[in-house]
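Undergrad: sequence first, then the predicted structure:
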Amino acid sequence: MLVKTFGSAVYGIEATTITVEVNITGGTKYYVVGLPDNAIKESYFRVKSALKNCNYHMPKQQVVVNMAPADIRKEGSSYDLTIAVGVLAASGQIVPDELEKYLIMGELSLDGGLQPIRGALPIAIQARKEGYKGFILPKQNAREAAIVDNLAVFGVNSITQVVDFLNGEKPLEEEVVNTRDEFYRSISLYDADFSDVKGQENIKRSLEIAAAGGHNLILIGPPGAGKTMLAKRLPSILPPLSLSEALETTKIHSVAGKLAAADALVSVRPFRSPHHTVSDVALVGGGGNPQPGEISLAHNGVLFLDELPEFKRTVLEVMRQPLEERKVTISRAKMSVDYPSSFMLVASMNPCPCGYYNHPDRECVCGPGIVQKYLSKISGPLLDRIDLHVEVTPVNFSELSSERISEKSEVIRERVIKAREIQQKRFIEKPDLHCNAQMESKMVRQVCKISEAGQILLKKAMEKLGLSARAYDRILKVARTIADLAGTEDIQIEHLAEAIQFRSLDREGWAG
């Protein structure tokens with residue numbers, strides 16, 4: 001008897017429906033065809049044991065399982081339940097009448113229990129798009145899939161529940177999640193707040209500018225100055241995720257298997273902080289079975305690279321293209337997948353190996369040329385993509401012991417949101433542009449016009465401070481953001497002057 005069940009494969013962050021055809025005829029062998037990987041070929045043993053332990057039987061005949069379309073490689077163990085249900089239906093142990101209405105996915109344990117799968121959200125979105133009535137999957141993934149409306153989602157713990165449901169003996173409880181309530185309930189829940197930081201008002205100002213314009217930022221300062229503490233609080237002043245951004249971010253985390261069973265939606269901006277020993281594949285994504293890397297997991301959020309010069313140069317260089325294109329393409333011989341990677345890069349570093357170059361109180365013990373050699377670990381092309389270079393100085397005792405309460409993240413976020421609204425109106429005809437940092441050179445000339453006095457100031461700054469040519473566009477973009485924060489239509493002299501000071505690493509002789 002021939003029976004069809006339906007599963008799904010995830011490529012990138014999109015899903016493709018897979019038809020699993022099970023045919024039982026005379027013979028004794030078990031075959032799986034349609035470009036399965038080893039995990040799928042091994043499903044025979046998991047399916048056989050699970051059926052036996054749940055008081056069902058594996059047919060003692062020839063079983064042929066075809067996974068169509070046959071020219072797409074299928075990977076992973078999440079097809080176990082799809083195959084098992086097909087085998088039961090083909091052998092007459094399940095009534096097959098309702099099978100075509102449901103997408104069925106799950107990894108089987110030997111006792112018939114179900115293990116969670118990856119990519120439940122993109123699979124559910126595709127199932128709704130193709131008109132399936134429901135989606136049957138492991139209980140651990142049910143909340144994640146249930147944020148898709150107009151699709152009945154059934155979370156199950158064992159294959160027995162699935163069989164009883166399809167035979168009409170016991171109904172399954174539908175998982176229901178109110179997507180908007182889930183989203184708005186935790187949209188502004190951050191553990192860290194800017195009010196926790198004593199002093200460092202100039203650094204807070206630079207982070208506010210970075211958040212308002214989506215600018216990349218590097219913090220340079222001695223150990224213990226508060227670089228990491230400040231960076232971790234940056235997501236709390238960024239504009240809240242929109243619902244569409246939250247769904248896109250959740251899809252990436254779903255594909256990577258990073259969502260907990262209790263989570264239905266990623267509703268706050270991600271903050272990813274990989275260790276400096278990270279490999280280039282772990283950072284940008286890839287592998288034999290391509291998976292999203294840290295830059296994609298930071299999509300719509302912040303990627304924080306602490307101790308930037310300690311990262312391998314090859315790791316840093318692979319970020320250059322994703323920083324510009326806001327996506328990463330992973331190519332293999334038979335496939336190519338795209339992962340979105342629109343993130344804010346925030347990096348921190350010591351100014352030298354000992355950490356105390358330019359320190360107000362402690363003397364640097366690094367020898368001649370050591371500081372420059374240390375800074376040269378970061379390539380010019382990467383620095384070219386960082387708009388703000390901020391020098392962080394230690395907080396003195398009077399500021400640390402002060403009882404004065406600092407400004408809360410909520411207050412700063414309101415100013416950032418107003419500046420972003422101005423930018424949205426400015427780029428209304430360019431849907432791919434969302435903030436000032438994403439402007440190309442041609443648009444910079446149109447949007448960031450400055451007065452004659454501003455031209456003179458910028459010329460003097462580039463000559464006297466030894467600023468590089470690449471700093472020109474960056475300064476104009478940052479000045480435009482500062483003007484947006486101030487609510488002025490034109491870039492004023494003071495906005496330009498403030499932007500110029502954020503190019504520390506472009507100054508000739510900065511490191512001696």
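TA: Perfect, thanks for sending it.
Undergrad: any low-confidence regions in the stretch 201-350 of the chain?
TA: Along the stretch 201-350 of the chain, segments meeting pLDDT under 70 span 261-262.
Undergrad: what do you get if the cut-off is 80, keeping everything else the same?
TA: For the stretch 201-350 of the chain, applying pLDDT under 80 flags the ranges 260-264, 288-289, 332-335.
Undergrad: for it, what spans make up the strands?
TA: 217-220, 271-272, 285-286, 291-292, 302-305, 327-331, 336-340, 344-349 (DSSP state E, counting those that start in this stretch).
Undergrad: adding distance to Lys133 and mean neighbour count, write these out as CSV.
TA: C-betas here are computed from N, CA, C, even on glycine. Converted to CSV, these look like this (distance: least, CB to CB, whole Å; neighbours: other CB atoms under 10 Å):
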stretch, distance to Lys133, mean neighbour count
strand 217-220, 49, 24
strand 271-272, 37, 20
strand 285-286, 34, 24
strand 291-292, 30, 22
strand 302-305, 40, 24
strand 327-331, 34, 17
strand 336-340, 29, 19
strand 344-349, 41, 24
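Undergrad: can I get those in TSV with distance to Asp164?
TA: Shown next, in TSV, are the strands of the stretch 201-350 of the chain (distance: least, CB to CB, whole Å):
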stretch	distance to Asp164
strand 217-220	56
strand 271-272	42
strand 285-286	40
strand 291-292	35
strand 302-305	47
strand 327-331	42
strand 336-340	38
strand 344-349	50
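Undergrad: quick one, which of those strands is nearest to Leu458?
TA: Leu458 sits nearest to strand 217-220 of all these, at 21.0 Å, using CB to CB.
Undergrad: now the closest one, how far from the chain's geometric center?
TA: Centre-to-centre, strand 217-220 and its host chain are 21 Å apart (CA atoms, centre = their mean, to the nearest Å).
Undergrad: which strands and helices lie in contact with it?
TA: helix 201-213, helix 227-232, strand 344-349, strand 388-391 (3 or more CB pairs under 8 Å, 6 or more residues apart in numbering; DSSP states H and E).
Undergrad: what do you get if the cut-off is 6 Å, keeping everything else the same?
TA: strand 344-349, strand 388-391 (3 or more CB pairs under 6 Å, 6 or more residues apart in numbering; DSSP states H and E).
Undergrad: so which of the strands of the stretch 201-350 of the chain gets nearest Met105?
TA: Nearest to Met105, of the strands of the stretch 201-350 of the chain and by CB to CB, is strand 291-292 at 17.9 Å.
Undergrad: nearest to Pro59, of the strands of the stretch 201-350 of the chain?
TA: strand 291-292 (35.8 Å).
Undergrad: the closest one pairs with which strands?
TA: With DSSP bridges as the test, strand 291-292 is paired with strand 285-286 (antiparallel).
Undergrad: how far off centre is the partner strand?
TA: Distance of strand 285-286 from the chain centroid (CA atoms, centre = their mean) equals 13 Å.
Undergrad: got JSON lines for the helices and strands packed on strand 217-220, with distance to Met229 too?
TA: As requested, the helices and strands packed on strand 217-220 are exported to JSON lines (distance: least, CB to CB, whole Å):
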{"stretch": "strand 344-349", "distance to Met229": "10"}
{"stretch": "strand 388-391", "distance to Met229": "14"}
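Undergrad: skipping its backbone neighbours, what lies nearest Gly497 in space?
TA: Wrong residue type there; residue 497 is Ala, not Gly. Closest residue in space to Ala497, ignoring its immediate chain neighbours: Leu457 at 6.7 Å, by CB to CB, 6 or more residues apart in numbering.
Undergrad: so what pLDDT did the one you found get?
TA: We have a pLDDT of 91 for Leu457.
Undergrad: which element is it on?
TA: Using DSSP states H and E, Leu457 maps to helix 452-464.
Undergrad: next one: that helix to chain centre, how far?
TA: 39 Å.
Undergrad: stretch 347-365 now?
TA: 32 Å.
Undergrad: so what touches that stretch?
TA: Contacts to stretch 347-365, defined as CB atoms under 6 Å, 6 or more residues apart in numbering, come from residues 218-220, 222-223, 227, 305-306, 308-309, 366, 371, 374.
Undergrad: between these, which is nearest Met1?
TA: The nearest one, if we look at the contacts of stretch 347-365 relative to Met1 and count by CB to CB, is Leu305, at 57.4 Å.
Undergrad: where's the residue nearest to Ala497 relative to His495, distance?
TA: Between Leu457 and His495 the computed distance is 11 Å (CB to CB, to the nearest Å).
Undergrad: in the protein, which residue is most central in space?
TA: Leu297 (2.3 Å; CA atoms, centre = their mean).
Undergrad: that one against Ser273, yeah?
TA: No - contact criterion CB atoms under 6 Å: Leu297 and Ser273 do not qualify, at 10.8 Å.
Undergrad: any figure for the gap between the residue nearest to the centre of the chain and Leu382?
TA: 20 Å.
Undergrad: now Ala50
TA: Ala50 sits 51 Å away from Leu382 when distances are taken as CB to CB.
Undergrad: in the stretch 251-400 of the chain, which spans are helices?
TA: In the stretch 251-400 of the chain, the helices defined using DSSP state H, counting those that start in this stretch lie at 280-284, 294-297, 313-317, 320-325, 370-375, 380-383, 397-400.
Undergrad: one step back: contacts for the helix holding Leu457 next, please.
TA: Ile493, Leu496, Ile500.
Undergrad: how many other residues sit next to the first one?
TA: Ile493: 14 surrounding residues under other CB atoms under 10 Å.
Undergrad: contacts only, for it.
TA: Contacts of Ile493 by CB under 6 Å, 6+ apart are Ala453, Gly454.
Undergrad: what's the answer for the last one, then?
TA: Neighbour list for Ile500: Ala461, Ile475 [criterion: CB under 6 Å, 6+ apart].
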